[in-house]
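Enquirer: Sharing a model that was predicted from the sequence below.
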Amino acid sequence: AHTIGTTACFFMTKRLHNFFPGGGSDPGINPSFVVELKATCPQNGDVNVRLPIDRGSERVFDKQILQNIKDGFAVLESDSRLNDDIITNAIIDSYLGILNPIFGPSFEADFVESIVKMGHIGVKTGQQGHVRRLCAAFS
């Protein structure tokens, strides 16, 4: 779903200026992209500045986000980490093949199928569920 939209510099601060371990920038970011991101989100700058999540096609639903992930141009760390896992990496590659989607999976069709499946996930109500007061914590 990160193929459309923006994020705030707030979500980039640690990744650009104090990445663990060792500080500095996330080594998973393409070096030329680090320069671009730091210009948009300088250290101690306005954390509310917005930047596109999907560099190059932020207003189009497409698989460009997958190419960005492969090339080190993922804005969000969670997207970047998808390339670190061997299984997820193979899935990304399957969508980027030169004969895709004619002789391979279709990112768009698979995305639609996954959203339909998520629509079947039951919502817990009444005594079965609760509203989290602190979204970053599990109770």
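Expert: Looks like it came in fine.

Enquirer: in this protein, which spans are helices?
Expert: Applying DSSP state H to the chain gives helices spanning 13-17, 31-40, 64-71, 77-81, 86-96, 107-119.

Enquirer: on contacts alone, who are the packing partners of the longest one?
Expert: Think helix 107-119. Counting contacts by 3 or more CB pairs under 8 Å, 6 or more residues apart in numbering; DSSP states H and E, helix 107-119 packs against no other helix or strand. To be clear about C-beta, it is placed using only N, CA and C from the backbone, and glycine gets the same treatment.

Enquirer: got it, and the first one?
Expert: With contacts defined as 3+ CB pairs under 8 Å, 6+ apart, helix 13-17 has these neighbours: helix 31-40.

Enquirer: show me the contacts for the spatially most central residue of the chain.
Expert: By CA atoms, centre = their mean, the chain has its centre lying nearest to D79, at 3.2 Å. The contact partners of D79, by CB atoms under 8 Å, 6 or more residues apart in numbering, come to H2, I53, I65, N68, I69.

Enquirer: in the chain, which helix or strand is least confident?
Expert: helix 107-119 (a mean of 88; mean pLDDT, DSSP states H and E).

Enquirer: and that helix, how far from the chain's centre?
Expert: 17 Å (CA atoms, centre = their mean, to the nearest Å).

Enquirer: can you give me the angle it makes with helix 64-71?
Expert: With axes from the mean of the first three to the mean of the last three CA atoms, to 10 degrees applied, the angle from helix 107-119 to helix 64-71 works out at 100 degrees.

Enquirer: Now helix 107-119: buried residues?
Expert: The neighbour-count check on helix 107-119 (16 or more other CB atoms under 10 Å) flags F107 as buried.

Enquirer: How about residues contacting that helix?
Expert: For helix 107-119, the surrounding residues in contact (CB under 8 Å, 6+ apart) are F61, D62, K63, L66, Y95, P101.

Enquirer: ok, now stretch 44-64?
Expert: 2-10, 12-13, 33, 37, 40-41, 65, 68, 73, 75-76, 79, 95-96, 107-108.

Enquirer: try it again with 6 Å
Expert: 2-10, 40, 65, 68, 73, 75, 95, 107 (CB atoms under 6 Å, 6 or more residues apart in numbering).
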